[in-house]
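Novice: no sequence for this one, just the structure:
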């Protein structure tokens, strides 16, 4: 049963990151613009995040097995449409459909674990759940790079979607035969006004956070963020009213009477503001800054996945001995890992090798593994069958909102520093470029103008929202030693600029994990051997 439902976790998280690897291939094959590619990425995440609470409640009403199968079927069909997409528009729409499938099946996972697995074994189940999250999150770039490099049957980038089809079919057959069904004991009706309010509110919140930087943060982005507030406030008010009247709310407000759930929700949101943000910035540094291939970047971050999976699988035993202190240790290891990564990057400079960073990614991966499973177990402790679906949807949504907020904030830091430091990075390369151009026979008068042009174009390129765009008047011309001198100067300046920006961005990561570590002290103390065993779940 656990293997079946965790298939949803694996393929959903894999499809968040795997598309990043295929962006150049997709642009080249179907002529997708950078804006269209952004919609391919954002459309999936938006549909997924906006449906989690509603999808969870639909599982309570109609049965979690049915919703899991509906979601997996939708996801599998959408994957086929993505893999066969003839143009960018079809691909965007198929990705939105994929996100809808994920939003329907993902919240059933925690609910099924909560109501099906006995409390004494639930910690082990959440350990495997955490290991799946850690491994799937980081395998995306690695698997994507392997599939594109292999170019199976001449499919190029399309195989990253088509590979979901056999996985989905097997999961559906196994779910039909083996997965037990469950629903909320009182089989509530769907709160349609609540579903509309929360979907609109989450869309108005997450879309600006996801797309703001690429759009240049225009006024309408801020207006959308502001508009999300009344929708979400109205949703909470309606849920309080319906909960008090026992009138089938979409989100049971009785959940927030549970201190473990209430505090853990805030902690989860803060923590997840750090994890996706780290991989977003670090992957950009490796692939755009250092010029690593997608496969090389995936192999570089692979130690994080290995350590995360190992620690997650062992986390229940530690959690039962240490209680909530295991969460403090996990966040502390992540903060320490980020600090050491900054030191190593600074020491290695622009000549970083993967082996230099691997031991410290192992430390951070251990921290992730020691945090996710015990927190999930603690947050859901005491949640009964009537509240299981709602709790699963709210917890997953908090993680998505935290992730979107973290990526938006680190994007502001990373690209802000890239832009502001670009001029200094270009100037540092100017003396070497001047010498190289002189050696190539460029006259002194031409050399000065060429170096000024290099500095101008480097700054414009660093400030562009589309990193693949070539600024006007900056197209490379000519061949020979002079052209090589410009290329070398651009490469060195880019590496130095990205290194400077990443070092400062990682300070954000350190701050996030230190705040999360402080929040772990506010969690209710749990007796030895009792983490996650506060109360049995209702069948």
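Specialist: Sure thing, it's come through. All values reported here derive from a predicted model rather than from experimental measurement.
Novice: for the stretch 101-250 of the chain, give me the ranges with low pLDDT.
Specialist: 187 (pLDDT under 70).
Novice: quick one: the helices in it?
Specialist: 119-150, 159-162, 164-178, 192-215, 219-244 (DSSP state H, counting those that start in this stretch).
Novice: the shortest one packs against which elements?
Specialist: Identification of packing neighbours for helix 159-162 by 3 or more C-beta pairs under 8 Å, 6 or more residues apart in numbering; DSSP states H and E yields helix 2-30, helix 64-84, helix 119-150. No exception for glycine: its C-beta is placed from N, CA and C like everyone else's.
Novice: need the pLDDT of residue 531.
Specialist: According to the prediction, residue 531 has pLDDT 57.
Novice: wait, I meant residue 538
Specialist: For residue 538, pLDDT reads 38.
Novice: residue 468 now?
Specialist: Residue 468 is given a pLDDT of 60.
Novice: as CSV, the helices and strands packed on helix 159-162 with mean neighbour count and distance to residue 261 would be great.
Specialist: Below are the helices and strands packed on helix 159-162 laid out as CSV (neighbours: other C-beta atoms under 10 Å; distance: least, C-beta to C-beta, whole Å):
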stretch, mean neighbour count, distance to residue 261
helix 2-30, 20, 20
helix 64-84, 22, 19
helix 119-150, 22, 15
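Novice: now the ones you listed as CSV including distance to residue 472?
Specialist: What follows is the helices and strands packed on helix 159-162, written out as CSV (distance: least, C-beta to C-beta, whole Å):
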stretch, distance to residue 472
helix 2-30, 20
helix 64-84, 34
helix 119-150, 31
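Novice: show me the one of those that comes nearest residue 423.
Specialist: helix 2-30 (27.7 Å; C-beta to C-beta).
Novice: residue 376 contacts residue 122, correct?
Specialist: No - contact criterion C-beta atoms under 8 Å: residue 376 and residue 122 do not qualify, at 9.5 Å.
Novice: returning to what we had before: between the helices of the stretch 101-250 of the chain, which one is closest to residue 298.
Specialist: helix 119-150 (2.9 Å).
Novice: got the angle for the closest one vs helix 2-30?
Specialist: Using axes from the mean of the first three to the mean of the last three C-alpha atoms, to 10 degrees, the direction of helix 119-150 lies 20 degrees away from that of helix 2-30.
Novice: for helix 119-150, name the packing helices and strands.
Specialist: By 3+ C-beta pairs under 8 Å, 6+ apart, helix 119-150 packs against helix 2-30, helix 88-116, helix 159-162, helix 275-284, helix 294-322, helix 354-379.
Novice: so which of the helices and strands packed on helix 159-162 is nearest residue 245?
Specialist: Here helix 64-84 is closest among those (C-beta to C-beta), at 25.6 Å.
Novice: taking the mean pLDDT, what do you get for the closest one?
Specialist: On average, the pLDDT along helix 64-84 is 94.
Novice: I'd like the next helix or strand past the helix or strand containing residue 427.
Specialist: Assigned by DSSP states H and E, residue 427 belongs to helix 385-439. Next along the chain after helix 385-439, taking DSSP H and E as the criterion, comes helix 444-463.
Novice: ok, residue 442 touching residue 448?
Specialist: No - at 9.7 Å, residue 442 and residue 448 do not qualify as touching, with contact defined as C-beta under 8 Å.
Novice: the more surrounded of the two?
Specialist: Between residue 442 and residue 448, counted using other C-beta atoms under 10 Å, the more crowded position is residue 442 (19 against 14).
Novice: excluding its backbone neighbours, what's nearest the more buried one?
Specialist: residue 482 (5.9 Å; C-beta to C-beta, 6 or more residues apart in numbering).
Novice: and that neighbour, what pLDDT?
Specialist: Taking residue 482 on its own, its pLDDT is 81.
Novice: so what's it up against?
Specialist: 436, 437, 440, 441, 442, 450 (C-beta atoms under 8 Å, 6 or more residues apart in numbering).
Novice: out of these, which is most surrounded?
Specialist: residue 437 (23 neighbours).
Novice: distance of the residue nearest the centre of the chain from residue 339?
Specialist: Centroid-nearest residue in the chain, with C-alpha atoms, centre = their mean: residue 276, separated by 4.0 Å. Relative to residue 339, residue 276 is positioned 20 Å away (C-beta to C-beta, to the nearest Å).
Novice: thinking again about what came up before, how about CSV for the helices of the stretch 101-250 of the chain, with distance to residue 456 added?
Specialist: Shown next, in CSV, are the helices of the stretch 101-250 of the chain (distance: least, C-beta to C-beta, whole Å):
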stretch, distance to residue 456
helix 119-150, 33
helix 159-162, 38
helix 164-178, 45
helix 192-215, 23
helix 219-244, 29
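Novice: assign a three-state SS to the closest residue to residue 335 other than its chain neighbours, would you?
Specialist: Nearest non-adjacent residue to residue 335, counting by C-beta to C-beta, 6+ apart: residue 513, 3.9 Å away. Three-state call for residue 513 (DSSP: H, G, I helix; E, B strand; the rest coil): helix.
Novice: going forward can the numbers begin at 55, since that is how I track them
Specialist: Fine by me, first position is 55 from now on; the one you just mentioned is residue 567.
Novice: so residue 567 is in contact with residue 393, correct?
Specialist: No - using C-beta under 8 Å, residue 567 is not in contact with residue 393; the gap is 9.6 Å.
Novice: out of the two, which sits in the more crowded spot?
Specialist: residue 567 (29 against 18).
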